[in-house]
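Asks: Starting from these lines, generate the structure:
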Amino acid sequence: MKLSQLLASIGHSCGEEVDITALTCDSRTVTPGALFVAIPGSHADGVQYIDQAVAQGAAAVVSPMPQPCPVPLFVVEEPRSALAHLAAAFYGHPAKGLSLIGITGTKGKTTTAHMVRDILLAAGHPTGMIGTMGAYVGKDKWADCPNTTPEPLLLHRLLRDIGQQGCTHVVMEVSSQAMKHHRLAGLTFAAGVFLNLSPDHIGPGEHADYAEYTACKAAFFAQCALGVGNGEDMAWPQMAAQLPPEAPVTTFGFSPTCDVQGVTVAPIEAPNALGSRFMVAGCDTPYTIPLPGRHHVQDALAAVAVCRQLGLPEEAIRQGLVRAAVPGRAQVFPNDRGIRVVVDYAHNAASFRAILSCLHCYPHGQIIVVFGAGGNRPPMRRLDMAQVAAELADYAIVTTDNPRWEPVEDICRQITQALGRQIPWEVIYDRREAIRHALDLAQPGDMVALLGKGHEGYIETCGRREPFSEWAVLEEYFHSQV
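Replies: Now for the predicted structure:
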């Protein structure tokens, strides 16, 4: 691609025509003919690596500041935003041929994205999905994603690939970090969905405070052609205020003031599943989802609201919802011991309360919870999770989650100090052994809730991701009991 074509996307021009063979912001991946974008990072400043990039063959450089350079260098005010526009141009503006549906909120993004994706598929629309669990074409995994919302170079490559597979729609989880770092700059979304907001992702390396977190969420809606929001969440007016003036707005929730109002939620169960049946005001036929609890019904209401706004048939909405099982979200492991084993990604106080509260709606004996907490995250998060566990569980086994660069012993000690003497607990650092011990303790009728890992297939320690699957641990355990 010609350098002039790329520069036009960021309002620059060049006097000579240069062929650009690659686009990167990582000096280690620079190849001859590449355009290098110097990004200020939390650990290193890309400007410091311009000389290295040029030495490796960079044909041009985009930088936030001028400096002597033997190849053309172009100064931009916000290099992260520039990278997003450059990536779109480099991959042929793939989003222009797709209808993008973005979903944001503190919790529920992955579940709602699966629901909307499955409804679109049921309506006959070839659909991709990008989020926490990776990138999908239909229901087939296409690629892993290191972030909930990928960095621009990966994002636009994925959008190109998904479009080339024949998809017309893409459902995308939108994180606050993505907005803070301008990963979605230049994109227009056919619809934006707001689920909820609660204090999270605040601390070093994330957001400075709750105000910044909220503002980053709200900024997304300036890029949306229509808005769907939780009418019961106090943050929704701030989100809606960012929508374009002409954008249609729909609310969902359980309040009579919501446009899509959920009523008469009831738990349903099968031998190896927990689900919910609910009504929507104005409809005579109930909806069913294979997920338990009011919080999952609220996600379903969001899916109903946005899919109605997109003009999808009611029958497709119902079909999509009834199929919308989500790996690692209130997922029940089948066994013949009469123990209800639930695997869930809950990793903050709000999601702990949501999943543990809904388990109380089903017949149960003791509720045994196995959990840890992520390292290098605000300590208050782990303390709040412990308080919810003490309130809603009968027994706790504290173990490893993703300690990252923190000693797991310190994390577990903070959790157990918060648990105090409110419920019995023990610490088993080896998560595999912690799970097996919980299952050994459980009696028929008990529930064992494995919280924090969900779909994840690894444990991250000191920069390494070691393979680990709770589902595999369960399969091994119950197979050995036969």
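
Asks: Could you list every helix and strand in contact with the strand ranked longest in the chain?
Replies: Secondary structure of the chain read by DSSP state E shows that its longest strand is strand 260-270. Helices and strands touching strand 260-270, by 3 or more CB pairs under 8 Å, 6 or more residues apart in numbering; DSSP states H and E, are strand 249-253, strand 273-280, helix 294-309. Every residue, glycine included, has its C-beta placed from N, CA and C.

Asks: Just the angle for that strand relative to helix 294-309, thanks.
Replies: Counting by axes from the mean of the first three to the mean of the last three CA atoms, to 10 degrees, strand 260-270 lies at 130 degrees to helix 294-309.

Asks: Pairing partners for strand 260-270, with directions?
Replies: Sheet pairing for strand 260-270, assigned by DSSP bridges, gives strand 249-253 (parallel), strand 273-280 (antiparallel).

Asks: Give me the contacts around it.
Replies: If you take CB atoms under 8 Å, 6 or more residues apart in numbering as the criterion, strand 260-270 is touched by 250-255, 274-281, 286, 288, 292-294, 297-298, 300-301, 304-305, 308, 358, 361-362.

Asks: Can you say which of these are buried?
Replies: Buried residues within the contacts of strand 260-270, counting neighbours by 16 or more other CB atoms under 10 Å: 250-254, 274-276, 278-280, 286, 292-294, 297-298, 300-301, 304-305, 308, 358, 361.

Asks: Which helix or which strand is home to residue 472?
Replies: Per DSSP states H and E: residue 472 is located in helix 470-481.

Asks: Tell me the gap between that helix and the middle of its chain.
Replies: 27 Å (CA atoms, centre = their mean, to the nearest Å).

Asks: Based on its surroundings, how many neighbours for residue 116?
Replies: Neighbourhood size, residue 116 [other CB atoms under 10 Å]: 30.

Asks: Just confirm it contacts residue 304, I think it does.
Replies: No. Contact criterion CB atoms under 8 Å: residue 116 and residue 304 do not qualify, at 9.7 Å.

Asks: Return the residues in contact with residue 341.
Replies: Applying CB under 8 Å, 6+ apart, the residues contacting residue 341 are 332-333, 335, 439, 447-448, 450, 474.

Asks: and those, which of them are in helices?
Replies: 439, 474 (DSSP state H).

Asks: can you redo the contacts of residue 341 as a markdown table with pLDDT?
Replies: Shown next, in a markdown table, are the contacts of residue 341 (pLDDT from 0 to 100):
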| residue | pLDDT |
| --- | --- |
| 332 | 93 |
| 333 | 94 |
| 335 | 91 |
| 439 | 97 |
| 447 | 96 |
| 448 | 98 |
| 450 | 98 |
| 474 | 97 |
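
Asks: ok, and the most crowded of the contacts of residue 341?
Replies: residue 450 (30 neighbours).

Asks: give me every residue that touches it.
Replies: Applying CB under 8 Å, 6+ apart, the residues near residue 450 are 341-344, 370-371, 435, 438, 470.

Asks: can you do 6 Å?
Replies: Contact analysis of residue 450 by CB atoms under 6 Å, 6 or more residues apart in numbering lists 343, 370, 470.

Asks: and whichever strand or helix holds the first one, which strands flank it?
Replies: Here residue 343, judged by DSSP H and E, is contained in strand 340-344. Within its sheet, strand 340-344 is paired with strand 331-333 (antiparallel), strand 447-451 (parallel), according to DSSP bridges.

Asks: can I get the ones you listed in JSON lines with distance to residue 478?
Replies: Putting those into JSON lines (distance: least, CB to CB, whole Å) gives the following:
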{"stretch": "strand 331-333", "distance to residue 478": "8"}
{"stretch": "strand 447-451", "distance to residue 478": "12"}
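
Asks: which one of these lies closest to residue 214?
Replies: Taking CB to CB, strand 447-451 is the member of the strands paired with strand 340-344 nearest to residue 214, at 26.1 Å.

Asks: Measure how buried residue 318 is and give me the count.
Replies: Neighbours around residue 318, by other CB under 10 Å: 18.

Asks: is it true that residue 187 touches residue 95?
Replies: Yes. Between residue 187 and residue 95 there is a contact under CB atoms under 6 Å: 5.4 Å.

Asks: Can you pull the domain assignment for the chain?
Replies: Following automatic domain parsing, one gets these domains for the chain: 3-90, 94-322, 331-481.

Asks: Tell me the spacing between residue 66 and residue 78.
Replies: 15 Å (CB to CB, to the nearest Å).

Asks: Those two - which one has more neighbours?
Replies: A side-by-side neighbour count of residue 66 and residue 78, using other CB under 10 Å, places residue 78 first with 13 against 9.

Asks: so where do the helices sit in the stretch 301-450 of the chain?
Replies: Using DSSP state H, counting those that start in this stretch, the helices of the stretch 301-450 of the chain run over 314-322, 349-359, 379-392, 408-419, 431-441.

Asks: Just name the most buried of those.
Replies: Highest mean neighbour count of the helices of the stretch 301-450 of the chain: helix 349-359, a mean of 22 (counted as mean count of other CB atoms under 10 Å).

Asks: Now do it, average pLDDT.
Replies: Across helix 349-359, the average pLDDT comes to 91.

Asks: any residues touching stretch 221-237, and which ones?
Replies: With CB under 6 Å, 6+ apart, stretch 221-237 has contacts from 188-197, 239-240, 242-243, 247-251, 253, 255, 258, 305-306, 309.

Asks: List the buried residues in that stretch.
Replies: Those would be 221, 223-231, 233, 235-236, for stretch 221-237 by 16+ other CB under 10 Å.

Asks: Just the ones in helices from these, please.
Replies: residue 236.

Asks: so which of the buried residues of stretch 221-237 would you say is closest to residue 320?
Replies: For the buried residues of stretch 221-237, the nearest to residue 320 is residue 228 (15.8 Å; CB to CB).

Asks: distance of that closest one from residue 306?
Replies: 4 Å.

Asks: for residue 417, same thing?
Replies: When residue 417 is compared with residue 306 (using CB to CB), they lie 43 Å apart.

Asks: how about the helices and strands packed on strand 260-270, which one is nearest residue 100?
Replies: helix 294-309 (12.0 Å).

Asks: ok and that closest one relative to helix 314-322, angle-wise?
Replies: 150 degrees.

Asks: before we move on, the earlier item: for the buried residues of stretch 221-237, give me TSV that also has pLDDT and distance to residue 106.
Replies: Shown next, in TSV, are the buried residues of stretch 221-237 (pLDDT from 0 to 100; distance: CB to CB, whole Å):
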residue	pLDDT	distance to residue 106
221	97	16
223	97	20
224	98	18
225	97	24
226	97	22
227	98	17
228	98	16
229	98	14
230	98	11
231	97	16
233	94	10
235	94	9
236	97	13
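
Asks: Redo the buried residues of stretch 221-237 as CSV? Include distance to residue 388.
Replies: Output for the buried residues of stretch 221-237, formatted as CSV (distance: CB to CB, whole Å):
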residue, distance to residue 388
221, 30
223, 34
224, 33
225, 38
226, 35
227, 31
228, 28
229, 26
230, 21
231, 25
233, 20
235, 21
236, 24
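
Asks: circling back: CSV please, covering the helices of the stretch 301-450 of the chain and showing distance to residue 19.
Replies: Output for these, formatted as CSV (distance: least, CB to CB, whole Å):
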stretch, distance to residue 19
helix 314-322, 46
helix 349-359, 49
helix 379-392, 49
helix 408-419, 50
helix 431-441, 51
